[in-house]
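> My questions concern the predicted model and sequence given below.
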Amino acid sequence: MLDQSALSQLKNLKQEIHNSIPRFEGKVRSTAGRFGFVVTDDNQQYYLSPEEMEKVLPGDRVAFRVEQVDEKKSQALIEKLISTELDRFCGQYIVKGKGHFIQPDHPALNRWIFVPPKLRNKAEDGMLVSGKLSQHPYPSGKAQAQVTELIGKADESGIENRFMQAKWELQGEFSEAELNAANALVEQGLEAAQAGRADLNDVAFVTIDSASTRDLDDALSATANDSGWLLQVAIADPAAVIAPGSELDLAAQARATSAYFPGQVLPMLPAVLSEQLCSLQQDQPRMALVADIQVSNDGASELLQLRQAVITNKAKLSYVQVAEFLADNSNGQIPANVTDSLQALGDCFKALASHRHQTALTMDDRPDYRLVMDEHGKVQEILRQDRNDAQKLVEECMLVCNRLCAEWLDARETGIFVQHNGIRTERIGDVASMLKESLALESKPKFKTLEDYVGYMQQANAHEGPLALRDIISRQLDRSTLTTERTPHMGLGFQRYTTMTSPLRKYNDLLVHRLIATLLQEQAADAPAQEVLTDIQDKQTRARVAANQSEQWLKLQWLQTLPAEAEFDATIHYANQSSITVRLEDFGIDGQIDRRKAKDWSFQSKTLSHVKGEERFDIGQMVRVKVESLNPQNRELKLALVK
């Protein structure tokens, strides 16, 4: 039997051994396999075996120790769960024998979650459901969930939209209180709110949009003058009737954006406002924020004034109508009282586009794809629609209006701005090296200033060598962010940029209207906190991803109906070491080509190319492909190259 001294020595020895083992904190990251990693705050990562991964969920913050497996390999062993962020998910309900599970539709959660009998909510095999974690897998390794909502069966009409809206937690129907508040504004009318505004009802404003659009938030007019053109951009002004902190304001903030799903719109504001009272409907006096812009003959622009006004849309025109008018000046269905303004808009647009091409940055036009839906909510046909001059005209007018309003706010040292840092930090070295070689530069370019960045990007855009430099660089750009900092938008080549032209559809645009209104009254205007802008941007991203995933699901269902041996023209859109992403040009469908077993091929990270001797696969290159496998519900399309 050990005496007290020996026991104390043994205890101290155990403590010394415990203290000698390295311990850390970090966040769990999953992989496509059963193993994972835990990443510390200083970006060190440690291997988690499949057994350890069973105890945790992606995103969990854990305390762990590191043990040496052999001379070359160490692994993390979890000692404590600190916090978890993944508590709800959507997926398919699966019954296997006596076991009931949810298979989550989650990119990082690749395991089935057991559902105990009392928490099944009458879910049936194959149903799509929402679930909530009822038991975390730490430390037992046995996660459990409860079914919180039955979304529907996989073959139901509209299930794609409903599932994605549930998955991304998008708000659908407005509450009775919100609808009552909107109807009260309609009953109140606009007369009182219009008092004191500039009367621009005689200006020949027109709206140019898709024929079916009802939430009309911008109208345009132009008049030729000795210096060029007076361009007037009128933007619907819902901020004039929606009070900050009101029921409708909170509803708009909660949604942050209108979400456009195949065959369905989730509006940011109730339809009686976004499509009627505040929409710039034809022949109806409406409140607007109007920018008077002088555009010179060479396309340079100057903001003359911003003013709160009352306008009347003289004609609701479609893109097709205006494109046909611009092509041959034929009146067609264009009212005679707006043709002079429309002709001036066409000339002004050409000057603006030319000037922007010379002084800033432009991207190649990308086609749109319209889904023709049948009565069951499935895709009947996919129509490719190349952008016409009418769409480009509206875009150019919105860009110049947003840019000049950003400069106006900047001069008053406040505002909400869209920041873009250009090339992602981790990719700058490869891009600089590629440009040095391709453009025969004496040294690697630096992108510290907007002027430097625009100069090098313009050289890349004009380059006619074997590599599509512009396309390669565009795959390596940072994301734009909303900020109160007065910083450049490198991607557009603008010193300042904001968005204020879609206040019926985007909450940050509505906030910009409020800022401008306050400043026009010569009062101090405080921009919202960065946390508010970050929340708005997160919600807008979720809405966009949800709509895109629903569209991809529907597109792949349609693709599944085509002959199995069908071949397609595709463009290489992106590449990494293990795969090539291509887009089927006729349908706007993205798919992956697996390159992990491509013998003797190497990946060049500098140009995002796969190379084998003289053979290459480069960004922008056309290839011929066929379907290898597809899973519509998981939005997965695997393609094979046709030799």
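Yep, that arrived.
> Could you pull out the strands in the stretch 101-250 of the chain for me?
All strands of the stretch 101-250 of the chain, identified by DSSP state E, counting those that start in this stretch, fall at 113-114, 127-135, 144-153, 198-209, 218-225, 228-236.
> got the angle for the third one vs strand 127-135?
By that I understand strand 144-153. Here strand 144-153 points in a direction 160 degrees away from that of strand 127-135 (axes from the mean of the first three to the mean of the last three Cα atoms, to 10 degrees).
> And strand 144-153, what does it pack against?
Here strand 144-153 is seen to pack against strand 88-96, strand 113-114, strand 127-135, helix 159-167 when contacts are counted using 3 or more Cβ pairs under 8 Å, 6 or more residues apart in numbering; DSSP states H and E. Just so you know, the C-beta spots here come from the backbone N, C-alpha and C atoms, and that holds for glycine as well.
> now the last one: how far from the chain's centre is it?
Computed by Cα atoms, centre = their mean, to the nearest Å, the chain-centroid distance of helix 159-167 equals 17 Å.
> Determine which stretch of the strands of the stretch 101-250 of the chain is the most buried.
Among these, judged by mean count of other Cβ atoms under 10 Å, the one packed with the most neighbours on average is strand 228-236 (a mean of 25).
> Include mean pLDDT and distance to Pro503 when you put the strands of the stretch 101-250 of the chain into CSV, please.
As requested, the strands of the stretch 101-250 of the chain are exported to CSV (pLDDT from 0 to 100; distance: least, Cβ to Cβ, whole Å):
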stretch, mean pLDDT, distance to Pro503
strand 113-114, 96, 42
strand 127-135, 96, 32
strand 144-153, 97, 32
strand 198-209, 97, 15
strand 218-225, 98, 10
strand 228-236, 98, 6
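> Make TSV out of the ones you listed and add distance to Ala166.
Shown next, in TSV, are those (distance: least, Cβ to Cβ, whole Å):
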stretch	distance to Ala166
strand 113-114	16
strand 127-135	5
strand 144-153	5
strand 198-209	30
strand 218-225	32
strand 228-236	31
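> Just want the angle from the top helix by length along the chain to helix 159-167.
Across the chain, the longest stretch assigned as helix under DSSP state H is helix 530-559. Helix 530-559 and helix 159-167 are oriented at 160 degrees to each other (the same axes, to 10 degrees).
> tell me the mean pLDDT for helix 530-559?
Here the mean pLDDT over helix 530-559 is 97, rounded to a whole number.
> could we number from 476 for the rest of this?
New numbering, starting at 476: the last item is helix 1005-1034.
> Centre of the chain to that helix, how far?
Put simply, helix 1005-1034 sits 6 Å off its chain's centre (Cα atoms, centre = their mean).
> Tell me the helix or strand right after it.
Moving toward the C-terminus from helix 1005-1034, the first helix or strand encountered (DSSP states H and E) is strand 1042-1050.
> who touches that following strand?
Outside of strand 1042-1050, the residues that reach it under the criterion Cβ atoms under 8 Å, 6 or more residues apart in numbering are 950, 1055-1062, 1065-1066, 1070, 1078, 1083-1085, 1092-1101, 1114, 1117.
> and the helix or strand that that strand is followed by, what's its mean pLDDT?
As assigned by DSSP H and E, the chain's next helix or strand after strand 1042-1050 is strand 1054-1059. Rounded to a whole number, the mean pLDDT of strand 1054-1059 is 97.
> ok, now stretch 812-831?
Per-residue confidence for stretch 812-831 averages out to 97 on the pLDDT scale.
> Give me the buried positions along that stretch.
By neighbour count with 16 or more other Cβ atoms under 10 Å, stretch 812-831 contains the buried residues 813-814, 816-817, 819-828, 830-831.
> Show the backbone phi and psi for Ala886.
Summarising the backbone geometry of Ala886 under the convention degrees, to the nearest 10, its torsions are phi -60, psi -20.
> The longest strand along the chain: which residues count as buried?
Of all the segments assigned as strand in the chain under DSSP state E, the longest by residue count is strand 776-793. For strand 776-793, the neighbour count (16+ other Cβ under 10 Å) marks 776, 778, 781, 783-793 as buried.
> For Met909, state which of the residues you listed is nearest.
When the buried residues of strand 776-793 are ranked by distance to Met909 (Cβ to Cβ), Ser776 comes first, at 33.7 Å.
> Give me the distance between that closest one and Leu879.
When distances are taken as Cβ to Cβ, to the nearest Å, Ser776 and Leu879 turn out to be 6 Å apart.
> got any residues that touch both of these two?
Ile768.
> For the closest residue in space to Gly966 that isn't next to it in sequence, give me phi and psi.
Spatial nearest neighbour of Gly966, excluding adjacent residues (Cβ to Cβ, 6 or more residues apart in numbering): His895 at 4.1 Å. Backbone geometry at His895, expressed as degrees, to the nearest 10, gives phi -140, psi 120.
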